[in-house]
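# I need the structure of the sequence given here:
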Amino acid sequence: PHDLPEWFVDDENKHYRPQLPIPQALMEKMKQKQRELAARPIAKVAEARARKNKRARLKLAAAKKKAEAVANSSEMSETMKLKAISKALRSEDTQRPGKTYVVAKKGSANRGGKGMQVVDKRMKSDKRSMQRALKKRKHGKQGGLTGSKKRRNHK
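Sure, this is the predicted structure:
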């Protein structure tokens with residue numbers, strides 16, 4: 001230290017504090033507290049889940065009320081009642097979201113996360129064409145404009 005500048009030595013003497021060793025028990029206590037904090041769900045996520053559950057409960061209550069009203073009505077036949085009740089209780093939002101397909105690109109190491117599947121371009125386009133065909137089968141061919149823009153705008 002004798003070859004160091006005087007201002008540096010003065011500064012070190014003024015500010016340098018040697019780090020004291022932390023006892024193992026205290027270190028474990030701090031780590032445990034950190035683990036507990038990390039394990040807790042994030043407040044906003046918990047609130048969003050609660051809102052979602054509340055909406056689901058309200059929808060279910062409304063559907064049950066509607067089903068009860070249908071069951072008590074006298075002007076419907078039993079089969080019509082059953083159909084109406086099943087329609088009232090059937091809900092679109094009860095279905096789980098499907099997988100998200102991520103197209104792998106050359107040179108980038110992208111890994112799929114939760115609910116994601118890494119696929120190549122061909123696989124993604126095959127999947128989309130299958131969905132398109134299924135939709136067409138379900139709804140039938142929709143009329144409308146087809147072909148190039150030139151033909152569409154041709155008078």
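
# Tally up the residues packed near residue 73, please.
11 (other CB atoms under 10 Å). C-beta coordinates here come from the backbone N, C-alpha and C atoms, glycine included.

# Now do the contacts for it.
The neighbours of residue 73, taking CB atoms under 8 Å, 6 or more residues apart in numbering as the test, are residue 81.

# 10 Å - rerun?
With CB atoms under 10 Å, 6 or more residues apart in numbering as the criterion, the residues that contact residue 73 are 80, 81, 84.

# Pretty sure the second one sits against residue 66.
This points to residue 81. No: in this structure, residue 81 is not within contact of residue 66 by CB atoms under 10 Å, at 11.7 Å.

# next helix or strand past the top helix by length along the chain?
Of all the elements of type helix in the chain, the one with the most residues (DSSP state H) is helix 43-72. Taking DSSP states H and E as the definition, the helix or strand that follows helix 43-72 towards the C-terminus is helix 78-89.

# Give me the helices and strands touching that following helix, please.
Counting by 3 or more CB pairs under 10 Å, 6 or more residues apart in numbering; DSSP states H and E, the packing neighbours recorded for helix 78-89 are helix 43-72.
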